[in-house]
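Visitor: only geometry, no sequence info:
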């Protein structure tokens, strides 16, 4: 059964709400202030995605409201197992968890776009996939810099 435009957008909106809740749950579990700040920033990005999708559904934006960006996919999440989160989680564990979450979100939008013929909806879904990949890039960058910090020796 083919989903309607509104059903697809509603599903995407719900996914962004769940993502926000996911990050805020981490925010409330971890102690490290810098990690909390980063997780809160990403949670706010998910709210921006939700707001965009609500506006898109209402006809306030076209698919050109988002732009595609070049993204470096370090593929760290694809090679490292996702740890469990708790109040003792290190910053690198939190960033790896977030990388996994963003990889799943990227795949969700990419696969959803793949179910549609070329259209404005497909374009918008691909751009949302790109947004999630940008988040993954940020989290993997933070992971690699906390897991393998630069030393004074180079």
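Guide: Arrived safely, thanks for sending. Since we're looking at a predicted model, the values are computed, not measured.

Visitor: Report the secondary structure state of residue 74.
Guide: coil (DSSP: H, G, I helix; E, B strand; the rest coil).

Visitor: got the contact list for it?
Guide: 137, 140, 141, 144 (CB atoms under 8 Å, 6 or more residues apart in numbering). The way it works is simple: take the backbone N, C-alpha and C, and place the C-beta from them, glycine included.

Visitor: Among the residues you listed, which lie within helices?
Guide: Using DSSP state H, the subset of the contacts of residue 74 located in helices is 137, 140, 141, 144.

Visitor: Just the buried residues of these.
Guide: Those of those that meet the buried threshold are 137, 140, 144, by 16 or more other CB atoms under 10 Å.

Visitor: Pipe these into a markdown table and attach distance to residue 54 per row.
Guide: Output for these, formatted as a markdown table (distance: CB to CB, whole Å):
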| residue | distance to residue 54 |
| --- | --- |
| 137 | 25 |
| 140 | 29 |
| 144 | 34 |
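
Visitor: Looking at those, which is nearest residue 39?
Guide: residue 140 (14.8 Å; CB to CB).

Visitor: per-residue confidence at that closest one?
Guide: Looking at residue 140, its pLDDT stands at 97.

Visitor: now it: how far from residue 73?
Guide: 8 Å (CB to CB, to the nearest Å).

Visitor: same check, this time on residue 53
Guide: 23 Å.

Visitor: now do residue 112
Guide: Taking CB to CB, one finds residue 112 at 19 Å from residue 73.

Visitor: Report how many residues lie close to residue 51.
Guide: 12 (other CB atoms under 10 Å).

Visitor: any idea how far it lies from residue 71?
Guide: Residue 51 is 22 Å from residue 71, by CB to CB.

Visitor: just residue 118 next, same as before
Guide: 22 Å.

Visitor: which of those two has more neighbours?
Guide: residue 71 (16 against 7).
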